[in-house]
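Colleague: Below is the structure, and that's it, no one-letter string:
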């Protein structure tokens, strides 16, 4: 057995060792942790010609059987020891935590929380599908037709495979594609360069649980290959920054996942009690190291902007990097230190425009960008902006970052723009009605609920079932 | 035929060199350019170049000379009155480099014919060339190669200068449309005509294979060249495109050198292709870019230096815009080879190669 694990390409489940390999490095020591085979776009194109075989392999199972397999896969993912690559290595759950932490910068405690989210999603696929399909009997998917609430229904797949161009920032985003397997849709995964671990472990979990290996494509590749994944799969999930996703947003073939610009709003009726909500707002900003699109990146209030910003800064500013093993660790290191440099510079640049103050600066007692035990970290940053038009007011960064802006309640909805999650702390029926009617909010939390809370049976970012299946009209004479 | 030993090959090269130097620098046979050059340089290569090692006395050949001078300055006196071909180099824009010639390309490609098998390129059959034709030596060379083997060749042109311009202008849709146009034509020929041998560039080969089943179309051998082919890409071509059943003959060459053939791949090569110059007519060295007198160690990177030694054309120590690994002599080639050729500086910057 070679000393280093090697993650091969999986071509309809079959390992393929390329002559081109990249190295995955520990973010603190720079030590090579594994090598990962890379392939060109041509191999993807070739394999897609036989993708029908992958789908056929899944079609042999009923949805109910695949739901069971998903559930077993969830247990294996959370607790099992699974193959890691093609050189005889095995990976226990604890190995996964340590390895992913080492290469991504996420502390162990956050990796475990992400594991639990994925575990929950896999072990509740039946509930998730019920929510996504609004109670459609799963036999309808097996047979292609049937009845729902007394009406004839028929659904057909929109694609032979689901393409996934994954990010490296947060393992739990993998939860989004998990229902595809139960929905009999093979996956073609281009993993994030620094995070091949989670998709690879998920695939191994599914296979160990009884899913056909042919249903899984794992293709570490370059930009051209990523573009090919998006091009050749009839449906694809795409993650990226605002510029990347903008070009795909209006195409129904793609489900784009860019910055969330999630927010916390406080209504006039609750603003006098703002101190009661500081904990939930701080958690919305900083949980999971501030890396998620559901992390709040703006706090919009009618009054007390300065006081709220100061209270959040007092709470979040002193947080320092801790060792990855520390259960109290709240900050994530950067696998790519240049990203930290870029973010730090972007915030500093924004502060040059008048009307903004880094309120956390006085509580940090040092710079935002710090090096700790060899890793690069960005400490929490709360920016008090005097207007929503300020360049730092509606930004999202891969660290605990939020602006606090005063906006009159009557103008809030017109100012906030598209928001993945809005936590609206208000009981005002008029504001509530406006929020419920808004087309700019994907998920709405009414009351002091963290923006981080998501419900798997209620899609907050596209409905996977409606993405992968389309209803047709049907009439049968026999 | 018995392969020459290193000593035999060196002896042949030394004697060929002396003959070529005599030829190009004698008033009775030499070209106006070299006779004038020697006069200005103030030394007589016929006296001072006595071995291959002495070639270092020449400065690096300047490719501007091939752009700036009228082509007739390169005509050796002995060839006066014989019409010549004017060949131009690859994908560059602006005034192209031009090399004149008469029979060199036939010599190179007749020799190359002995290195390809009848199984992959059946004699008395048909070929297709899909790639840069126009003013390039390659177009006549491929047709000659087919003819030497009793075959005829269809041609689909691709203008690499236009592709390069499109890519530099970021007109990727146009570049793709042009490539589709080229591949469409090739697919049509394969559909309606019997073709067994194919010459093309790697990117066009990949695009054609997406359109047609090469084996079912009758293709049995592919002769490929023109751009970077790193080991994994070679493997992709061999295993995925040609499916280990169509013969693959990668080559390295250009209008100035001719054709460096590759040795057949073995498992130990890990798909790293080694090319060998058609010595004694050309010499390839892999040199230290910062000290070009120095040849780099085997299996390390350096810049490719080409010396062309024929009666039609003398070009000492031209620094190619390529870098490569230096390889040891091998098989029928008792001299150094070059491997994994890529644009010079490829590690430091992106270089537009387009489809060529």
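Modeller: Nice, thanks for sending it over. Keep in mind it's a predicted model, so treat the numbers as computed, not measured.
Colleague: switch to C-alpha atoms for all contacts and neighbour counts from now on
Modeller: Fine.
Colleague: For the helix or strand hosting residue A:279, the averaged confidence score.
Modeller: Under the criterion of DSSP states H and E, residue A:279 resides in helix A:278-286. Regarding helix A:278-286, the rounded mean pLDDT is 97.
Colleague: cool, stretch A:25-39 as well?
Modeller: Per-residue scores along stretch A:25-39 average to 95.
Colleague: Could you pull out the buried residues of it?
Modeller: Within stretch A:25-39, the residues that count as buried by 16 or more other CA atoms under 10 Å in any protein chain shown are A:25, A:26, A:27, A:28, A:33, A:34, A:35, A:36, A:37, A:38, A:39.
Colleague: can you list contacts of it?
Modeller: Identification of contacts with stretch A:25-39 by CA atoms under 8 Å, 6 or more residues apart in numbering or on different chains yields A:4-9, A:16-24, A:99, A:102-105, A:194, A:219-222, A:225, A:333-336, A:373-376.
Colleague: just those residues that are near chain B?
Modeller: A:18, A:19, A:20 (CA under 8 Å from any CA of the partner chain).
Colleague: which among those residues end up buried?
Modeller: The neighbour count (16+ other CA under 10 Å) marks A:18, A:20 as buried among these.
Colleague: ok, the ones next to chain B among the contacts of stretch A:25-39 vs residue A:80, which is closest?
Modeller: Lowest distance from residue A:80 to those (CA to CA) belongs to residue A:18, with 27.7 Å.
Colleague: need the contact list for that closest one.
Modeller: For residue A:18, the set of contacting residues under the criterion of CA under 8 Å, 6+ apart consists of A:8, A:9, A:37, A:38, A:39, B:232.
Colleague: In contact with the residue lying closest to residue A:311 once chain neighbours are set aside, which residues?
Modeller: Closest residue in space to residue A:311, ignoring its immediate chain neighbours: residue A:278 at 7.2 Å, by CA to CA, 6 or more residues apart in numbering or on different chains. Listed by CA under 8 Å, 6+ apart, the contact set of residue A:278 reads A:308, A:311, A:312.
Colleague: what helices or strands is the helix or strand containing residue B:324 leaning on?
Modeller: Take DSSP H and E as the rule and residue B:324 turns out to sit in strand B:314-327. Packing partners of strand B:314-327 (3 or more CA pairs under 8 Å, 6 or more residues apart in numbering or on different chains; DSSP states H and E): strand B:282-288, strand B:301-309, strand B:337-343.
Colleague: does the residue nearest to residue B:256 when sequence neighbours are not counted sit in a helix, a strand or a coil?
Modeller: Once flanking residues are discounted, residue B:256 sits nearest to residue B:99: 6.8 Å by CA to CA, 6+ apart. Using DSSP: H, G, I helix; E, B strand; the rest coil as the criterion, the local structure at residue B:99 reads strand.
Colleague: Could I get the pLDDT score of residue B:99?
Modeller: At residue B:99, the predicted lDDT confidence score is 94.
Colleague: quick one on the thing from earlier: inside strands: which ones of the contacts of residue A:278?
Modeller: Judged by DSSP state E, strands contain none of the contacts of residue A:278.
Colleague: out of those, which is most surrounded?
Modeller: Comparing the contacts of residue A:278 by number of neighbours (other CA atoms under 10 Å in any protein chain shown), residue A:312 comes first, having 25 neighbours.
Colleague: Quick one: residues contacting that one.
Modeller: Residue A:312 is in contact with A:278, A:281, A:282, A:382, counting by CA under 8 Å, 6+ apart.
Colleague: got a winner among these for most neighbours?
Modeller: Per-residue neighbour counts (other CA under 10 Å) across these peak at residue A:382, which has 29 neighbours.
Colleague: Residue A:295 versus that residue, what's the distance?
Modeller: Distance, residue A:382 to residue A:295, by CA to CA, to the nearest Å: 13 Å.
Colleague: now swap in residue B:246 and tell me
Modeller: From residue B:246 across to residue A:295, the span is 55 Å (CA to CA).
Colleague: which residues in the stretch 201-350 of chain B form helices?
Modeller: Using DSSP state H, counting those that start in this stretch, the helices of the stretch 201-350 of chain B run over B:202-211, B:231-235.
Colleague: Kindly reformat those helices as JSON lines containing mean neighbour count and mean pLDDT.
Modeller: Supplementary listing: the helices of the stretch 201-350 of chain B in JSON lines, determined by neighbours: other CA atoms under 10 Å in any protein chain shown; pLDDT from 0 to 100:
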{"stretch": "helix B:202-211", "mean neighbour count": "19", "mean pLDDT": "95"}
{"stretch": "helix B:231-235", "mean neighbour count": "20", "mean pLDDT": "96"}
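Colleague: list the contacts for residue A:364?
Modeller: A:317, A:318, A:319, A:379.
Colleague: and if you look at residue A:285?
Modeller: Taking CA under 8 Å, 6+ apart as the definition, contacts of residue A:285 comprise A:295, A:296, A:297, A:400, A:401, A:402.
Colleague: same deal with residue A:195?
Modeller: For residue A:195, the contacting residues are A:100, A:103, A:104, A:167, A:168, A:169, A:171, taking CA under 8 Å, 6+ apart as the criterion.
Colleague: For it, name its beta-bridge partners.
Modeller: When assigned by DSSP bridges, residue A:195 has beta-bridge partners residue A:192.
Colleague: again with residue A:257
Modeller: In this structure, residue A:257 has beta-bridge partners residue A:239, where bridges are defined by DSSP bridges.
Colleague: That one: how many residues sit nearby?
Modeller: The local packing of residue A:257 (other CA under 10 Å) involves 23 other residues.
Colleague: Got phi/psi on the residue nearest to residue A:169 when sequence neighbours are not counted?
Modeller: Computed as CA to CA, 6+ apart, the closest residue to residue A:169 that is not its neighbour in sequence is residue A:291, at 6.6 Å. Backbone geometry at residue A:291, expressed as degrees, to the nearest 10, gives phi -90, psi -10.
Colleague: So residue A:291 is in contact with residue A:401, correct?
Modeller: No - between residue A:291 and residue A:401 there is no contact, the gap being 9.4 Å when judged by CA atoms under 8 Å.
Colleague: Can you tell me the centre-most residue of the chain?
Modeller: No chain in the question, so chain A it is. Nearest residue to the geometric centre of chain A (CA atoms, centre = their mean): residue A:173, 2.8 Å.
Colleague: think we crossed wires, I meant chain B
Modeller: Most central in chain B (CA atoms, centre = their mean) works out to residue B:253, at 1.1 Å.
Colleague: And the closest residue to it other than its chain neighbours, how close does it get to chain A?
Modeller: Using CA to CA, 6+ apart and skipping residues adjacent in sequence, the residue nearest residue B:253 is residue B:259, 4.5 Å away. Separation of residue B:259 from chain A (CA to the nearest CA, to the nearest Å): 27 Å.
Colleague: Give me the neighbour count for residue B:259.
Modeller: Counted with other CA under 10 Å, residues neighbouring residue B:259 total 24.
Colleague: for residue A:175, same thing?
Modeller: A total of 19 residues lie near residue A:175 under the criterion other CA under 10 Å.
Colleague: for it, what are its contacts?
Modeller: Under the criterion of CA under 8 Å, 6+ apart, the neighbours of residue A:175 are A:117, A:118, A:121, A:122.
Colleague: Show me the two of these that sit farthest apart.
Modeller: Across the contacts of residue A:175 (CA to CA), the longest gap, 8.7 Å, separates A:117 and A:122.
Colleague: between these two, who's got more neighbours?
Modeller: Set side by side, residue A:117 and residue A:122 give different neighbour counts by other CA under 10 Å, the larger being at residue A:122 (27 against 21).
Colleague: what does chain A put close to chain B?
Modeller: A:18, A:19, A:20, A:40, A:42, A:43, A:46.
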